[in-house]
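Colleague: what would the 3D arrangement of this be:
(2 chains)
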Amino acid sequence: MADFQRWAPEAQSHLRQGPGLWVKLRLDPWLLVLLLAIMSLGLVVLYSGSGSSEAAVQKQLVRYGLALLGMVIITQINLRNVQRWIPLLYIVGILLLLAVLLFGVGAKGAQRWLEIPGLPRFQPSEIMKLVVPLTISWYLASRPRPPHLIHVIVAVALVALPVFLIAKQPDLGTALLIGSSGAFVIFFAGLLWRYLIAAIAIGAAGLPLLWMGMREYQKQRVITFLDPESDPLGAGWNIIQSKIAIGSGGIEGKGWLQGTQSHLDFLPETHTDFIVAVLAEEFGLIGVCALLSLYLLVLIRGLMIAGSASHPFDRMLAASLTLTFFVYVVVNIGMVSGLLPVVGVPLPLVSYGGTAAVTLTASLGLLMSIHARRPQRT
Amino acid sequence: MPWSKMDTQRQEVSQFTARLWWSLFLIVIVFAGLVARLVYLQVWEHERYATESDDNRQQLQAIAPTRGLIYDTNGTLLAGNRASHSLTLVPERLVGGRRGIDNVLAELAKVVTIDQDDIKRFKRRLNQPRRPFSPVALRFQLNPTEIAQITVNQHRLPGVRIVPELVRFYPLDDGFVHALGYVGRINDRELAKLDSINYSATHHVGKLGVERFYETELHGTVGHQTVETNARGRVLQVLDRLEPVPGKDITLFLDAQLQQAAAKLLEGKRGAIVAIDPKTGGVLAMASAPSYGANQFVTGISYTNYQALRNSDDLPLFNRALRGRYPPASTVKPVIAIAGIDSGIISRKYSIWDPGFYQITEGGRLYRDWKEGGHGRVNMHKSIVESVDTYYYAISHLMGNDPMTKYLAQFGFGQMTIADQPEATKAVLPTREWKRINRSASWFPGDSLNLGIGQGFLSATPTQLATMAMVLANKGEWHQIRMIKSMDDQPVAKVSDIGRNDPKQPSNIELTRSSDWNKIHSAMTDVMHGNKGTGRRSGANSSYKMAGKTGTAQVLGIKQDSTYDAAKIAQRFRDHGLYIGWAPAKDPVIAIAVIIENGGGGSSAAAPLARKLFDLRILGAKPEDKPEVQAGVKNDG
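Modeller: Residues are numbered from 1 along each chain as shown, chains lettered A, B, ... in the order given. This is a model prediction of the structure:
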């Protein structure tokens, strides 16, 4: 039977068009084109944001190349065949996070990196961005859906452990991304609305209690965190300057390399977390809306892939990865435009930096892999 | 596949699809929100932000708080602030921006003196993390001519500014630096440790002594203002302002007259004097000689001057009062006597026959008394009055290490008991364990004999010796030894009152028979007033009684240094003269320790100095001796 199946299409290959290059490589042309478009726009802005540094652009270009190569490799993997390795990945990930807390290195009071002799320095928390949604999807896929309360509790615990370890580094941005990626899987597993509403209600009720239990200086920190402008010399400086950058850009922007805020060093972190302020200053509302449209198309394509997947594991994973990508965009732009408190979340596929680019393209690779193995409609 | 299962699967898929649609709905709503926010910032508020960005007319400036003042116990100003003009550059506003710096420096050098040292330090400051458009200092303490020269040329030097700022000023300067410490410009290492926001407008930080210990309190809290400037950076209008909170004022126990007198008595010598108020534990005077001027460190001492201070054989930078470790010699004898009788090892009537030496074993090494031929029959009283070494060889041989080190510890030996002088050291109280660890040897009877006369491994700082004098004067009652008397007029009895950690302090000493204190007091009074007392020449002709103990420490070895000439070497092998004591003998108001390095015997080198300070404290200064005291904030700008 297998021989026949393999043979049959080939026999008719002279009659109809064979499978295209995209299908052979199992790549999704839509996602790929969007990805390349965002990356190209990102490099243009990065050149300006890094102070016209060709070195930075070249370095980022190499990273993108490696990330795309990694993506192509990932799309060749049939996730369902490697599912049984997922729990092992999770355990290794947790051990690495513990190692970071014990022996990690870092700067500015945060301990995020791990140095293992013979390997490049890396952030185990980045790996968990993929491992956590994989683990929760694997766990809930083999359980009845909608999940029973006990399975929800186990799933929440599996998410909470790495989130707690990462928040302790401290890296609130990554903890937030990983926590939401796990929550999305649980949601798409068909979590009953009443559990969802109960969870939201408990969270809302717990906040005032937490507030009352805090000491005065802790409250002060929360206030500065929520309202950075009350501390204009410290945390507020970045936000005030990035709002000036965005606002002064207007509709059409000041033009490429013409941004005064970024080029006069008023704006901090112009090539990393705050790069969207450079885009907004130099390309105006039009530029940011163009980028947002590209992101929206990626999200729609991701949801389409999730919708067309057949296996529950594929469905939950695809939906979770797509919505996590959404959280990246919203938290970063919300923070830079002064809507959300400042936590370190990069702008996906645009911010300078290797690790985030690799995990993001890898998650898009997972989406493509899921898409390539969707049931063919006849 | 059973139908029911197919059914649940179909149900699950339709639920999943519904949730995807919900997600898309959420995504669109949130994206619309983001776009709304961008429209608000970029269209609605565009005018405002465009103005703010335009030349960045509005600037946030940090305002440095005024550093708290330091007064002596009578309200004489010891550390104030005065205006000083610095030459600063705002690199972003220079012709040619940051790349134009070298041209501007060359241009400025034609107008004012700028040496390579200034440029080197300027470049270092320039590379420190800084806020854009904040000025970087190039030269300090401009004189009026230089100010005029720069002002005349300012039109062709955009970005160059003269900035007045308040800097520390020590009106009495010399002779106070070892008590107060000083402030200096913040260096890279300190910059990393300080709170970068609170210090964003501050250029100086306490480097030593009181200035360093009370840095947090003296510094205050930074303020800020938003100002509107023109393109050249000149402030046109202050838009809003949060006033800085000035640092707290500190009053010390230090008595400026006593301190100046102590410093004067030490002039030309190497040594230290520490005086403590026995009723409070407050430090009345803390002098170390040779000394140096603190004001030169505030604006940056020149390299040559600093090297001269550093390389001097007399070590002027070394704070002998807090860090000098001297053998206390005979000044510990009262404590050793207390150890002997209070531990019950010797009776109160114990006496010996002193032939002028002591031997641990028949025919062994001779431990000699300072007086050839000896003192004859010696009891405890006589042993203190005449400082009989043999008596202490005998009783320390009987006691061994443990009771002696236990009692010495109760008087503060081997401990940090001064609360607010971070540079103080513990010196060495040689317990058996100390010797095992540091000398890898066990405790020998000979070590006990040396310890009994305050020599050998035992060492103490002048501050510790003054503390011992205080505890003796108080009959065992302790107070926290500290510089601070009050902060912003709030009395400070312990540094824990202002949230600092108290040093570990021995508890008050309760003797089994409290009348033993009187025996010691009477012996120490006879040191000064008895007809055979070692300090009788310093105690003579006084209207009040005083108590004390002299000491003469043998200098066993000094570090061999080829730069010493022969005369100097001979001089540096002379004995150290020491004295501890208090006055009046009953109801004391001053406890003191005096150490004169290589000064010879304690009774001739140290005790007369203490007597002069006793007189000053108790009788007051004679009008012609009154030291010159300047008051108020000196403002030479």
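
Colleague: quick check, central residue of the chain?
Modeller: Assuming you mean chain A. Nearest to the geometric centre of chain A sits residue A:325, at 4.5 Å (CA atoms, centre = their mean).

Colleague: hmm, I had chain B in mind actually
Modeller: For chain B, the residue nearest the mean C-alpha position is residue B:209 (1.8 Å; CA atoms, centre = their mean).

Colleague: so who does that one touch?
Modeller: Residue B:209 makes contacts with B:177, B:178, B:179, B:180, B:181, B:182, B:319, B:421, B:422, B:423, as judged by CB atoms under 8 Å, 6 or more residues apart in numbering or on different chains. Using the backbone N, CA and C atoms, a C-beta is placed for each residue, glycine as well.

Colleague: secondary structure class of the residue in chain A that chain B sits nearest to, three-state.
Modeller: As assessed by CB to the nearest CB, chain B sits closest to residue A:247 within chain A, at 2.6 Å. With DSSP: H, G, I helix; E, B strand; the rest coil as the basis, residue A:247 sits in helix.

Colleague: pull the number of nearby residues for the residue lying closest to it once chain neighbours are set aside.
Modeller: Spatially, and ignoring its direct neighbours in sequence, residue A:247 is nearest to residue B:49 (2.6 Å; CB to CB, 6 or more residues apart in numbering or on different chains). Counted by other CB atoms under 10 Å in any protein chain shown, the residues lying close to residue B:49 total 21.

Colleague: likewise residue A:239?
Modeller: For residue A:239, the neighbour count with other CB under 10 Å is 23.

Colleague: residue B:75 contacts residue B:249, doesn't it?
Modeller: No: counting by CB atoms under 8 Å, residue B:75 stays clear of residue B:249, with 10.4 Å between them.

Colleague: counting by contacts, list what the strand or helix carrying the residue nearest to residue A:247 packs against.
Modeller: For residue B:49, the host element (DSSP states H and E) is helix B:46-53. For helix B:46-53, the elements it packs on are helix A:236-249, judged by 3 or more CB pairs under 8 Å, 6 or more residues apart in numbering or on different chains; DSSP states H and E.

Colleague: now the helix it packs on against helix B:46-53, angle please.
Modeller: With axes from the mean of the first three to the mean of the last three CA atoms, to 10 degrees applied, the angle from helix A:236-249 to helix B:46-53 works out at 120 degrees.

Colleague: avg pLDDT for helix A:236-249?
Modeller: Taken as a whole, helix A:236-249 has a mean pLDDT of 83.

Colleague: neighbours of residue B:202, how many?
Modeller: By other CB under 10 Å, 20 other residues sit near residue B:202.

Colleague: what's residue B:551 in contact with, if anything?
Modeller: Applying CB under 8 Å, 6+ apart, we find residue B:551 in contact with B:328-332, B:387, B:454, B:577-580, B:602, B:606.

Colleague: right, I mislabeled it, should have said residue B:137
Modeller: Residues counted as contacts of residue B:137 (CB under 8 Å, 6+ apart) are B:86, B:87, B:88, B:122, B:125, B:163, B:203.

Colleague: equivalent analysis for residue B:604, please.
Modeller: Taking CB under 8 Å, 6+ apart, we find residue B:604 in contact with B:537, B:577.

Colleague: now swap in residue B:603 and tell me
Modeller: Residues in contact with residue B:603 (CB under 8 Å, 6+ apart) are B:534, B:535, B:537, B:538, B:550, B:552, B:577, B:579.

Colleague: mind checking which of these are in strands?
Modeller: Mapping these onto strands (DSSP state E) picks out B:550, B:552, B:577, B:579.

Colleague: next one: stretch B:570-585 to chain centre, how far?
Modeller: 24 Å (CA atoms, centre = their mean, to the nearest Å).

Colleague: and chain A, what are its domains?
Modeller: For chain A, automatic domain parsing gives the domain ranges A:29-74+A:227-373, A:83-213.

Colleague: would you mind putting those into CSV with distance to residue B:348 alongside?
Modeller: Formatted as CSV, the domains of chain A follow (distance: least, CB to CB, whole Å):
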stretch, distance to residue B:348
domain A:29-74+A:227-373, 68
domain A:83-213, 62
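
Colleague: out of the ones you listed, deepest packed?
Modeller: Ranked by mean neighbour count under mean count of other CB atoms under 10 Å in any protein chain shown, those are led by domain A:29-74+A:227-373, which reaches a mean of 21.

Colleague: which of the ones in strands among the contacts of residue B:603 lies closest to residue B:291?
Modeller: Nearest to residue B:291, judged by CB to CB, of the ones in strands among the contacts of residue B:603 is residue B:577 at 19.2 Å.

Colleague: neighbours of the closest one, how many?
Modeller: Using other CB under 10 Å, residue B:577 has 28 neighbouring residues.

Colleague: likewise for residue B:219?
Modeller: A total of 27 residues lie near residue B:219 under the criterion other CB under 10 Å.

Colleague: is the helix ranked longest in chain A anywhere near chain B?
Modeller: Secondary structure of chain A per DSSP state H: the longest helix is helix A:275-308. Yes: residues of helix A:275-308 contacting chain B under CB under 8 Å from any CB of the partner chain: A:280, A:284-285, A:288-289, A:292, A:295-296, A:299-300, A:303, A:306-307.

Colleague: so where do the helices sit in the stretch 151-300 of chain B?
Modeller: Using DSSP state H, counting those that start in this stretch, the helices of the stretch 151-300 of chain B run over B:177-180, B:188-193, B:209-213, B:215-219, B:256-265, B:295-298.

Colleague: now, of the ones you listed, which is deepest in the fold?
Modeller: It is helix B:177-180: most buried of the helices of the stretch 151-300 of chain B by mean count of other CB under 10 Å, with a mean of 27.

Colleague: run through who's touching it.
Modeller: B:70, B:78-79, B:170, B:208-211, B:252, B:254, B:259, B:283, B:285-288, B:291-294, B:319-322, B:483.

Colleague: ok, now with 7 Å
Modeller: B:70, B:78-79, B:209-211, B:254, B:259, B:286-288, B:291-292, B:294, B:319, B:321 (CB atoms under 7 Å, 6 or more residues apart in numbering or on different chains).

Colleague: would residue B:339 count as being in a strand?
Modeller: No: counting by three-state DSSP, residue B:339 is not part of a strand but helix.

Colleague: tally of neighbours for the nearest residue to it once chain neighbours are set aside?
Modeller: Spatial nearest neighbour of residue B:339, excluding adjacent residues (CB to CB, 6+ apart): residue B:407 at 3.8 Å. By other CB under 10 Å, 21 other residues sit near residue B:407.

Colleague: isn't residue B:407 right up against residue B:335?
Modeller: Yes: between residue B:407 and residue B:335 there is a contact at 5.8 Å, judged by CB atoms under 7 Å.
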